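> I need the structure of the sequence given here:
(one chain, ligands or ions: 1)
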Amino acid sequence: MPDETPNPLNDLLMQVNTSIFAIQTEDKINFISKDNNFFFTAFKENTGHHIKAFVPAVRLENLGDEGFKKRHGLKYPYIAGAMANGITSAAMVKTMAQNGMMGFFGAGGLCLEKIEENIIDLKNSLKDKPFGFNLIHSLGDPDHEMATVDLYLKHKITLISAAAFMRMTPALVYYRIKGIYSDSKGQIVTPNHVIAKVSRIEIARQFFSPPPEKLVSLLLEKGLITQQEAQLSAYIPMAQDLTAEADSGGHTDNRPALTLLPTMLALKNEFMETYHYKEPLCVGLAGGIATPESAAAAFGMGAAYILTGSINQSCVEADICDDVKKMLCLAEQADVAMAPAADMFEIGAKVQVLKRGTLFPVRADKLFKLYRAHNSFDDIDEKSKQEIQEKILQAKFEDAWTSTKEFFHKTGNTKEIERAQNDPKHKMSLVFRSYLGLSSKWAIQGNLERKMDYQIWCGPAIGAFNQWVKGSFLEVHENRKTAEIALNLMFGACICIRASILKIQGIPLPRGADLFKPMKKKEISAFL
Ligand SMILES: Cc1cc2nc3c(=O)[nH]c(=O)nc-3n(C[C@H](O)[C@H](O)[C@H](O)COP(=O)(O)O)c2cc1C
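Okay, the predicted model is just below:
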């Protein structure tokens, strides 16, 4: 029998790069750490039959999908998702890249100049390290979407996260196809990669399909792509990688991850069969990932990578005021609510936001209901009009309209103003939407006078995270670093996976053996 003094099981589970053997002695089970050669020596020494269970090494860099990591030059399959208005800041994207992961700069809601400034900064500092930018579908402003794509092409941004798309658009197809060629070996090379973010199957189908012929022809007619680019586009999917987005912060269909991911994985297999793409399709998971257990579950279900958002907003690198970060650190799982979205207000789209400590979800909902029920602001009953003007807009409706007009003039979107001048319902929508837009800005800037109107996008993940880190150094926002948290989730996931491998071999775990408390990056590194 091996005579090692057994280590406590938790210590062994943390040594994720080495195997564990459970050895039956006369009256108990001992756990020892050995490499796989132990199988041979133990059997040679005729003690092999005492091996009751085996746990392999589960390395961080073996989580997720090899092909996905290779495609994007990643050490670890972890993405810090885009958060609009630059909340996923250049600093956040940098720290992810410097730690073997990746972040998407939150370009949504920013003007082109701001986006360009950040492109230049990130290109200069990260060179060839992995990073990307967000392309969020602009339902009411296709010109902005195209201008953003032009900017990405101009600066050779070769990876984007495409979100909120309900169908393929000329701008998105243009980005994907531009620059595609066939190399000397006849292999199709596609310089621009799209990682789609999707919660609906019908949209996932469009992303896993080649670009729609109609849009390809349109781009060809406009002279934006060449004949060769058009022809080759028939052999590539719109997106090689797709993030299945379950119930999350911001825009969400509130889909449960447990049902969404298997469906998207099945779809991936169906499209690989149908199209025989040269490079494999990959599906990652986002929405609710905030603890080692949820990260382990995602990888266990077959996610190629994981993507987080809500938890990163409370981190030091997030470009949002400290007051909001403090509010986020206090949030529990039920402290979130769905509220009308500023960008797709008229069609009733919703975003998930924090409800603890702000009246935004209630106020925004009131505005949406009144908009739905009335054809103009004047039609609304006097009491509601007064409440809107005094409490919500904190301005007379016509004054709010004047500021709204100024905003649209500044952004060059004068079509909206013209339409509103002939359509009082549209005018009401623009004014209400401007409140929704400003409420995000107040939260970012920390405008304490409008604290009750803070619009803070976040999902239940933040509550799960706060619960997990209670009592640890990560309880306060000042210590929350995006990459360190990511490493904690992945390291913790490896421990959870190893503990569950032991359990399914019928080995009862001592109490607390599978618990993993947050650790400093330096401490984790000692195990890697
Ligand atoms: C504050 C905030 C802003 C977000 N803005 C965007 C955005 O502009 N574009 C986008 O693709 N996703 C956006 N998201 C979604 C995240 O990228 C990510 O997919 C999501 O937060 C993951 O789910 P989780 O919140 O449960 O972690 C945002 C999320 C948050 C919390």
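
> Contact partners for the residue in the stretch 301-450 of the chain that the ligand sits nearest to?
Distances from the stretch 301-450 of the chain to the ligand, computed as CB to the nearest ligand atom, single out Gly309 as the nearest residue at 1.8 Å. C-betas here are computed from N, CA, C, even on glycine. The neighbours of Gly309, taking CB atoms under 8 Å, 6 or more residues apart in numbering as the test, are 80-83, 248-250, 286, 458-459, 461.

> Do a quick rundown of the helices in the stretch 301-450 of the chain.
Listed in chain order, the helices of the stretch 301-450 of the chain (DSSP state H, counting those that start in this stretch) span 310-313, 322-330, 360-373, 382-387, 397-410, 414-422, 424-445.

> after the longest one comes which helix or strand?
Translated: helix 424-445. helix 461-469 (DSSP states H and E).

> on contacts alone, who are the packing partners of that next one?
The contact analysis (3 or more CB pairs under 8 Å, 6 or more residues apart in numbering; DSSP states H and E) places helix 461-469 against helix 292-301, helix 310-313, helix 322-330.

> is it possible to export those helices to a markdown table including distance to Asn192, mean pLDDT and mean neighbour count?
Formatted as a markdown table, the helices and strands packed on helix 461-469 follow (distance: least, CB to CB, whole Å; pLDDT from 0 to 100; neighbours: other CB atoms under 10 Å):
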| stretch | distance to Asn192 | mean pLDDT | mean neighbour count |
| --- | --- | --- | --- |
| helix 292-301 | 27 | 98 | 22 |
| helix 310-313 | 25 | 98 | 29 |
| helix 322-330 | 34 | 98 | 19 |
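
> so which of these gets nearest Ala163?
For those, the distance to Ala163 is smallest for helix 310-313, at 15.0 Å, taking CB to CB.

> Please state the offset of that closest one from the chain centre?
Centre-to-centre, helix 310-313 and its host chain are 10 Å apart (CA atoms, centre = their mean, to the nearest Å).

> what sits up against that helix?
So helix 310-313 is contacted by 80-81, 83, 87-88, 92, 248-249, 290, 318, 320, 324-325, 328, 456-462, 465, 480, 482, 485 (CB under 8 Å, 6+ apart).

> How about exporting it as CSV, limited to the C-alpha atoms?
What follows is helix 310-313, C-alpha atoms only, in CSV (Å, rounded to 0.1, in the frame of the first residue of the first chain):
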residue,chain,number,x,y,z
SER,A,310,-22.8,41.9,-14.9
ILE,A,311,-20.0,40.9,-12.6
ASN,A,312,-17.5,42.9,-14.5
GLN,A,313,-19.5,46.1,-14.2
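
> May I see the contacts of Gly309 organised as TSV, with secondary structure, distance to Ile177 and neighbour count added?
Shown next, in TSV, are the contacts of Gly309 (DSSP: H, G, I helix; E, B strand; the rest coil; distance: CB to CB, whole Å; neighbours: other CB atoms under 10 Å):
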residue	secondary structure	distance to Ile177	neighbour count
Ala80	strand	28	30
Gly81	coil	25	27
Ala82	coil	22	28
Met83	coil	28	28
Ser248	coil	29	30
Gly249	coil	32	29
Gly250	strand	28	25
Ala286	strand	26	30
Cys458	coil	35	27
Gly459	coil	34	28
Ala461	helix	35	29
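
> Closest to Phe397 out of those residues?
Gly250 (28.4 Å).

> I figured the closest one was touching Asn85, is that so?
No. Applying CB atoms under 8 Å, one finds Gly250 not in contact with Asn85, separated by 11.1 Å.

> what about stretch 238-249, how long is it end to end?
25 Å (CA to CA, to the nearest Å).

> what about it and the ligand, touching?
Yes. On the criterion CB under 6 Å from any ligand atom, stretch 238-249 is in touch with the ligand at 245, 248-249.

> And Lys481, how far from Val324?
17 Å (CB to CB, to the nearest Å).

> so which strand or helix has Met272?
Using DSSP H and E, Met272 falls in helix 257-275.

> Tell me the buried residues in that helix?
Neighbour-count burial for helix 257-275 flags 257, 260-261, 264-265, 267-268, 271, 275 (criterion: 16 or more other CB atoms under 10 Å).

> repeat for stretch 499-518
499-502, 507, 513-514, 516-518.

> Need the residues that contact it.
8-10, 13-14, 20, 22, 29, 52-56, 292, 296, 300, 468-469, 472-474, 485, 488, 491-492, 495-496.

> 6 Å instead?
9-10, 13, 22, 53, 55, 292, 469, 472, 474, 488, 492, 495 (CB atoms under 6 Å, 6 or more residues apart in numbering).

> tally of neighbours for Asp143?
Here the number of neighbours of Asp143 (other CB atoms under 10 Å) works out to 12.

> What values do phi and psi take at it?
phi -60, psi -40 (degrees, to the nearest 10).

> could I get the helices and strands packed on helix 461-469 as TSV with distance to Ile120?
Shown next, in TSV, are those (distance: least, CB to CB, whole Å):
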stretch	distance to Ile120
helix 292-301	33
helix 310-313	23
helix 322-330	27
